[in-house]
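S.K.: A predicted structure for the sequence below; I have some questions about it.
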Amino acid sequence: MIDTILGKKIGMTQIFEEDGSVTPVSVIEAGPCIVTQLKSVETDGYTAVQVGFGAIREKLVNKPLKGHFRGGLHNPRHPHVPLCRTLREVRTEDVSDYSVGQAITVGDVLEVGDVVKVTGVSKGKGFAGVVKRFHFHGGDATHGSMIHRKPQSSGATDAARTFKGTRKPGHMGSKTSTVRGLRVVRIDPERNLLLIRGAVPGANGGLLTISRI
């Protein structure tokens, strides 16, 4: 079985354990994911399961993707599958347990107590200075100093250029981020909800990839 499922971040809340302790959790709408294609060594050189997540209106899907979802028009072995907003591939050694059009739910992939890693796109914070972006402590705030939050020295002057990787002001956030070692606290298969202890990357409504470690 594959160990990955796609989801959408709903937000954060807290739950109370039996001993009265409070656990902060992230609420994720995980699945159902629809199997849209099976990759094999004979045809693709590797084995993987392509899954789709999230409903989308037909007018927003281009013709090549419509043909991919509706492969039954020209390929009887590829039945029609619902239109999906997102497609991802999950590597696996054996795809014989899956079929095109099959729905994969959160209960099929994860169990309470599993340790997972969650990947998403972090919140974008626009253009930021070095104090906010890289946690520079800044310059002196007294004795007539006029430099408080500037980056100051940029390195060697003999090179007459700025070296790659130099920490400068610039675009902050909006990057792929992965948080590891999170624990599954609760699963609600009827509502496709997944509660994970701690915070996960991205804003509410963002796409997440949850994989069992």
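M.R.: Received it, and whenever you're ready, just let me know what you need. Numbering: from 1, shown residues only.
S.K.: how is the chain divided into domains?
M.R.: For the chain, the structural domains run 1-32+105-122+175-213, 33-104, 126-152, going by automatic domain parsing.
S.K.: of all those domains, which one comes closest to residue 159?
M.R.: Distance to residue 159, taken as Cβ to Cβ, is lowest for domain 126-152 among the domains of the chain, at 16.7 Å. For the C-beta atoms, the positions are set from N, CA and C on the backbone; glycine is no exception.
S.K.: hang on, the earlier thing: same list, the domains of the chain, but as CSV with mean neighbour count please.
M.R.: Compiled in CSV, the domains of the chain are given as follows (neighbours: other Cβ atoms under 10 Å):
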stretch, mean neighbour count
domain 1-32+105-122+175-213, 17
domain 33-104, 15
domain 126-152, 12
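S.K.: of those domains, which approaches residue 167 most closely?
M.R.: domain 126-152 (4.7 Å).
S.K.: in a markdown table: the domains of the chain, plus distance to residue 165 and mean pLDDT.
M.R.: Formatted as a markdown table, the domains of the chain follow (distance: least, Cβ to Cβ, whole Å; pLDDT from 0 to 100):
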| stretch | distance to residue 165 | mean pLDDT |
| --- | --- | --- |
| domain 1-32+105-122+175-213 | 15 | 94 |
| domain 33-104 | 31 | 86 |
| domain 126-152 | 12 | 91 |
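S.K.: nearest to residue 169, of those?
M.R.: Among the domains of the chain, domain 126-152 sits nearest to residue 169 (Cβ to Cβ), with 4.7 Å.
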